[in-house]
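Novice: Sequence below, structure please.
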Amino acid sequence: MRCVIVEDETIARKGIESYIEKIDWLDCVAGFESAMDLDQYLKNVAPDEYPDIIFLDIEMPNISGFEYLASSKVDAEIIIITAYEEYALQGYELNITDYLLKPVSFSRFLKAVEKARNFRICNSSHSALSKVLLLRVDRGDQRIPIANILYIEGMENYLKVFTSCGCATVRMRLKDFLSMVPNEVFMQVHKSYIVNLNNIYRFEWNSIIFSNSKSIPVSRSYRKVLSQRLIDMSKD
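Specialist: Purely as a prediction, here's the structure:
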């Protein structure tokens, strides 16, 4: 997850950077001394490089962190790191993800970023599942809701997309289709099959069965990973 730090104190900024470096799924991509510098960065950053988490101080030159949040639309998880406890309620009114008081222990920092990661995954999964794929079928285009897809079967340069409403054949490779759908709920389970984990009715180690009694095979190399993914999803 891409992180940006907005903190006018160099020592504090370096401390946050050191915590980020200890977590292998975090990457600090930028650091700024003011909210105005952050604003300029967000206006020019490419969509696929937009930060996932912003660590934001409150008391900064020109405009405070809260003043900036109240006047701007920021599509990232906001973690406030400050020495001022009295601003906590105001922070949550601005829909921040977490509020950390200096000095911040690593365990408390880790708890905050894990919370941010869970929120990010949940939000991206829900928004992705609500989307519709536009696929070229025969000589026309067909709209297929992602949530309706049961599984995909690969056949050389063609795919069969099985949904709750039927089947569509498209000219595409399996790996290209996998890159189009949210990996939180889609998984390859066989060299020829991708499955929507949300639509699995029963998993029998060698096969997956859907509510319409259709079944697909599961390769040995995918069994343990699939089993763990299903267990993890049942806990959410």
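Novice: Going by C-alpha atoms from here, please, whenever you check contacts or count neighbours.
Specialist: OK.
Novice: Show me the shaky parts of this protein.
Specialist: 92, 121-130, 139, 235-236 (pLDDT under 70).
Novice: and it, what are its domains?
Specialist: 2-128, 132-235 (automatic domain parsing).
Novice: Turn the ones you listed into TSV, columns for mean neighbour count.
Specialist: Formatted as TSV, the domains of the chain follow (neighbours: other Cα atoms under 10 Å):
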stretch	mean neighbour count
domain 2-128	16
domain 132-235	16
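Novice: need the contact list for M172.
Specialist: N157, Y158, L159 (Cα atoms under 8 Å, 6 or more residues apart in numbering).
Novice: contact partners of stretch 4-23?
Specialist: Stretch 4-23 is contacted by residues 26-35, 38, 51, 53-57, 60-61, 106, 109 when judged by Cα under 8 Å, 6+ apart.
Novice: And for stretch 111-122?
Specialist: Applying Cα under 8 Å, 6+ apart, the set of residues contacting stretch 111-122 is M1, D52, I53, E77, I79, T97, D98, E184.
Novice: do that again at 6 Å, thanks
Specialist: E77 (Cα atoms under 6 Å, 6 or more residues apart in numbering).
Novice: Same check on stretch 41-54?
Specialist: For stretch 41-54, contacts defined as Cα under 6 Å, 6+ apart pick out M1, R2, C3, V4, I5, A76, E77, I78.
Novice: In helices only, show me those.
Specialist: Using DSSP state H, no member of the contacts of stretch 41-54 sits in helices.
Novice: among those residues, which are in strands?
Specialist: R2, C3, V4, I5, E77, I78 (DSSP state E).
Novice: For S221, state which of those residues is nearest.
Specialist: R2 (31.0 Å; Cα to Cα).
Novice: Spell out the residue ranges of the helices in the protein.
Specialist: According to DSSP H, the chain carries its helices in the segments 10-21, 35-44, 65-71, 88-93, 106-129, 174-178, 220-235.
Novice: any chance of those helices in CSV, plus distance to F210?
Specialist: What follows is the helices of the chain, written out as CSV (distance: least, Cα to Cα, whole Å):
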stretch, distance to F210
helix 10-21, 42
helix 35-44, 44
helix 65-71, 45
helix 88-93, 42
helix 106-129, 18
helix 174-178, 20
helix 220-235, 14
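Novice: and of those, who's closest to I149?
Specialist: Closest to I149 of these is helix 106-129 (Cα to Cα; 10.1 Å).
Novice: closest to R202 among the ones in strands among the contacts of stretch 41-54?
Specialist: R202 has its nearest neighbour among the ones in strands among the contacts of stretch 41-54 in E77, at 35.3 Å by Cα to Cα.
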